[in-house]
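In: next come a sequence and a model predicted from it.
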Amino acid sequence: MIYTVTVNPSIDYIVQLKELTLGEVNRMDYDNKLPGGKGINVSRILKELDQDNVALGFLGGFTGNFVKEAIERVGLKTHFTHISDDTRINVKIKAQDETEINGRGPKISKEELADFTAQFDKLTVNDIVIFAGSLVPSLDDNFYFDLIKIIRSKGAQFVIDTTGESLLKTLSEKPLLVKPNNHELADLFGVKFTGIDDIVKYGRKLLDLGAQNVLISMAGDGGLMITKDKVYRSYAPKGTVINSVGAGDSMIGGFVGTLARTKDALEAFRYGLACGSATAFSEDLADRVKINEILPKIKIEEY
Ligand SMILES: Nc1ncnc2c1ncn2[C@@H]1O[C@H](COP(=O)(O)OP(=O)(O)OP(=O)(O)O)[C@@H](O)[C@H]1O
Ligand SMILES: O=P(O)(O)OC[C@@]1(O)O[C@H](CO)[C@@H](O)[C@@H]1O
């Protein structure tokens, strides 16, 4: 089974207006509330690919109820730990620019945390756990790493979408996939990239440090897959970008879901790219219709 973990889910409150003027009363042209959080987004994409999965994490309060109902309505399997504090609301403003204001997230008590962690005892070698998104302030930086140790002790696989030291630290535990974007990769090693060769050089370091599969996403410039002896590059297909929120999560969902089904990393890369672009070209996350429309437009070449 594939499990996604969203420690800090959200209601994504999408607000559209022609122009945002700071310090003034602004009126919305359109608004929408969507269930959010990186792991939940990965779960939704897995579902679109008919890949069985369960979304885990913490949900609480009226906001948590909204998220739970919204994702269960689309048929997602969930097993969230109930918390007494409210799930956060993240504001996504689409005006002359895209601006995101993400909440810090709720408090999680020791008991709530223990309930959540107990689930990991049941993992087996057939399971994959995907961690994605920020932690809440009451959890310390070792949170993911401690869970990863448990996961690996059961022989299960893990994927982690995080940045900086928290990512570097997990590499020795051999994540199934890491997918920093090019900016995150540069920050990770404290360098500036001048071209694709630099990106490949530092992407390969992630493999050397233990990652099993490495993708580097480059938004509208497409993505790279770096293997021990080959580098694959894809330019993103052209289209009208409606929403780039969740493109990275979609790429992870597309890659992991397809890798689990086919064991073919190149095919998984193709689906990852298609899901990422399909989300960029959709108002919400991509659905199966959009993904299937984009798939034939994905071209991958050896770099
Ligand atoms: N503007 C775009 N046009 C076409 N494809 C896109 C666009 N933006 C993203 N994609 C596709 O989605 C993939 C992931 O996007 P991106 O690099 O923005 O991930 P990310 O930085 O993790 O995004 P986010 O954190 O916003 O989810 C890209 O590699 C690309 O294939
Ligand atoms: O604050 P985090 O956890 O880093 O990111 C949360 C978030 O911005 O990521 C998703 C898009 O990737 C959104 O659904 C959600 O609002």
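Out: Now that the structure is in, tell me what you want to look at. Residues are numbered from 1 along each chain as shown. Ligands and ions are numbered 1, 2, ... in the order given.
In: how close does Ile226 sit to Leu167?
Out: 15 Å (C-beta to C-beta, to the nearest Å). For the C-beta atoms, the positions are set from N, CA and C on the backbone; glycine is no exception.
In: what about the helices in the stretch 1-150 of the chain?
Out: 38-48, 61-73, 110-118, 143-153 (DSSP state H, counting those that start in this stretch).
In: surely Ala219 touches Val245?
Out: No. Counting by C-beta atoms under 8 Å, Ala219 stays clear of Val245, with 11.9 Å between them.
In: who has more neighbours out of the two?
Out: Each of Ala219 and Val245 has its neighbours counted (other C-beta atoms under 10 Å); Val245 has more, 21 against 17.
In: identify the residues contacting the more buried one.
Out: Asp12, Lys92, Glu98, Glu100 (C-beta atoms under 8 Å, 6 or more residues apart in numbering).
In: residues from the stretch 151-300 of the chain in reach of ligand 2?
Out: Taking C-beta under 6 Å from any ligand atom as the measure of proximity, the stretch 151-300 of the chain contacts ligand 2 at Val245, Gly246, Gly248, Asp249.
In: what is the nearest of the contacts of Val245 to ligand 2?
Out: Closest approach between the contacts of Val245 and ligand 2, by C-beta to the nearest ligand atom: Asp12, at 4.7 Å.
In: any idea which residue sits dead centre in the chain?
Out: Taking C-alpha atoms, centre = their mean as the criterion, Asp249 is the residue nearest the geometric centre of the chain, at 3.0 Å.
In: quick one: the helices in the stretch 201-303 of the chain, in order.
Out: 247-262, 265-280, 288-294.
In: quick one: which of those helices is nearest Ala132?
Out: helix 247-262 (6.2 Å; C-beta to C-beta).
In: tell me how far the closest one lies from the chain's centre.
Out: 10 Å (C-alpha atoms, centre = their mean, to the nearest Å).
In: tell me what that helix is packed against?
Out: strand 2-6, helix 38-48, strand 128-132, strand 157-161, strand 214-217, helix 265-280 (3 or more C-beta pairs under 8 Å, 6 or more residues apart in numbering; DSSP states H and E).
In: reformat those as TSV; add mean pLDDT.
Out: Shown next, in TSV, are the helices and strands packed on helix 247-262 (pLDDT from 0 to 100):
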stretch	mean pLDDT
strand 2-6	98
helix 38-48	97
strand 128-132	97
strand 157-161	96
strand 214-217	98
helix 265-280	98
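In: which among these is found nearest to ligand 1?
Out: Closest approach to ligand 1 among the helices and strands packed on helix 247-262 (C-beta to the nearest ligand atom): helix 265-280, 2.2 Å.
In: which other helices and strands does the closest one contact?
Out: Helix 265-280 packs on helix 38-48, strand 214-217, strand 223-226, strand 231-234, helix 247-262, helix 288-294, strand 300-302, going by 3+ C-beta pairs under 8 Å, 6+ apart.
In: and the shortest one, how far from the chain's centre?
Out: Right, the one you point to is strand 300-302. The answer for strand 300-302 is 24 Å, by C-alpha atoms, centre = their mean.
In: pick out the least confidently modelled helix or strand of the protein, by mean pLDDT.
Out: helix 164-170 (a mean of 88; mean pLDDT, DSSP states H and E).
In: is Leu46 in contact with Phe255, as I believe?
Out: No. Between Leu46 and Phe255 there is no contact under C-beta under 8 Å: 10.6 Å.
In: of those two, which one has the most company?
Out: Phe255 (30 against 26).
In: what residues are up against that one?
Out: Leu177, Lys179, Asn213, Leu215, Ala268, Phe269, Tyr271, Gly272.
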